[in-house]
Structures are given as C-alpha cells and as structure tokens.
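Q: any chance you can model this:
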Amino acid sequence: MNIQYKKGVLELCILAALKNRAMYGYELSEYISETIDIADGTVYPILRKLKAEGYLTTFLTEESGGPPRKYYCITQYGREAFEKDAAEWLQFTETVNKIIKGE
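A: Below is the predicted model of the structure:
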C-alpha cells in the first residue's frame, strides 16, 4: 500500500482505537498492525504528537513481574477532534470512491 495513504490516516486510527479503552504503546501498535502494515516504532512518534496537542493523556501502571507500562487515553478534546476528523475522512473517502468508480 502507498505509504502516503497510511501517513494520512494513522492519527485517526490511533484515536479510534483509544476511544473505547486505554492501551499501552506496544499493544496499540499490535492492534493497528493487525489490519494495516506498519513498521515497528511507527506509532510512538504519533502518540507523542497527539499527547503534545492535548488529544491524549498518559498514566503508568506496574504489571506484576515487569516494568511499568505507559497507557494512553483519549481526552475530551481528543474525542471531539476524532469525531470531526472521522466525519471528514468518511466524506472524503466517499468522494474519492465515486471518482475512482467513475460516478
């Protein structure tokens, strides 16, 4: 798949994944890579960016027998941005599909 397609939608995919529950970085990366082929480490810079923009917050939890994990949760601001961006994405892809199909 064209890498530019992925770059344009990964932020939206991350917010979508986090809207129902908090996840730690590796878990989120594995979840997304089940459906979109992404390189290891792709998700972490996006998580840092989304946190800096106020879309995400983090918290640490200590797992038994392992190091603490940083979990990411979506903020209310992030939810609002997700809803807006998701609507724009769906409209955009609908339009692109019409063009591709010659409608």
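Q: contacts, neighbours, all on C-alpha from now
A: Noted.
Q: so what's the residue positioned nearest the centre of the chain scoring on pLDDT?
A: Nearest to the mean C-alpha position of the chain, counting by CA atoms, centre = their mean, stands residue 14 at 1.0 Å. On pLDDT, residue 14 comes in at 97.
Q: what helices or strands is the helix or strand hosting it leaning on?
A: Residue 14 belongs to helix 3-18 when elements are defined using DSSP states H and E. Packing partners of helix 3-18 (3 or more CA pairs under 8 Å, 6 or more residues apart in numbering; DSSP states H and E): helix 25-33, strand 68-74, helix 76-101.
Q: how about 6 Å then?
A: Helices and strands touching helix 3-18, by 3 or more CA pairs under 6 Å, 6 or more residues apart in numbering; DSSP states H and E: there are none.
Q: list the buried residues in stretch 18-38.
A: Across stretch 18-38, burial judged by 16 or more other CA atoms under 10 Å covers 18, 19, 22, 23, 24, 25, 26, 28, 29, 32, 38.
Q: and stretch 75-88, average pLDDT?
A: The model assigns stretch 75-88 a mean pLDDT of 97.
Q: sorry, back to before: now distance to residue 82 too, for the buried residues of stretch 18-38, in CSV please.
A: Formatted as CSV, the buried residues of stretch 18-38 follow (distance: CA to CA, whole Å):
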residue, distance to residue 82
18, 10
19, 9
22, 15
23, 17
24, 19
25, 19
26, 21
28, 17
29, 18
32, 16
38, 21
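Q: where is pLDDT lowest across those?
A: Lowest pLDDT of the buried residues of stretch 18-38: residue 38, 88.
Q: any idea which element that residue lies in?
A: For residue 38, there is no host helix or strand (DSSP H and E).
Q: which of the buried residues of stretch 18-38 lies closest to residue 44?
A: residue 25 (6.7 Å; CA to CA).
Q: for that closest one, give its distance to residue 84.
A: Residue 25 is 24 Å from residue 84, where distance means CA to CA, to the nearest Å.
Q: would you mark the buried spots in the helix holding residue 14?
A: 10, 11, 12, 13, 14, 15, 16, 17, 18.
Q: repeat for stretch 73-85
A: Applying 16+ other CA under 10 Å to stretch 73-85 flags 73, 74, 75, 78, 79, 82, 85 as buried.
Q: great, nothing more from me.
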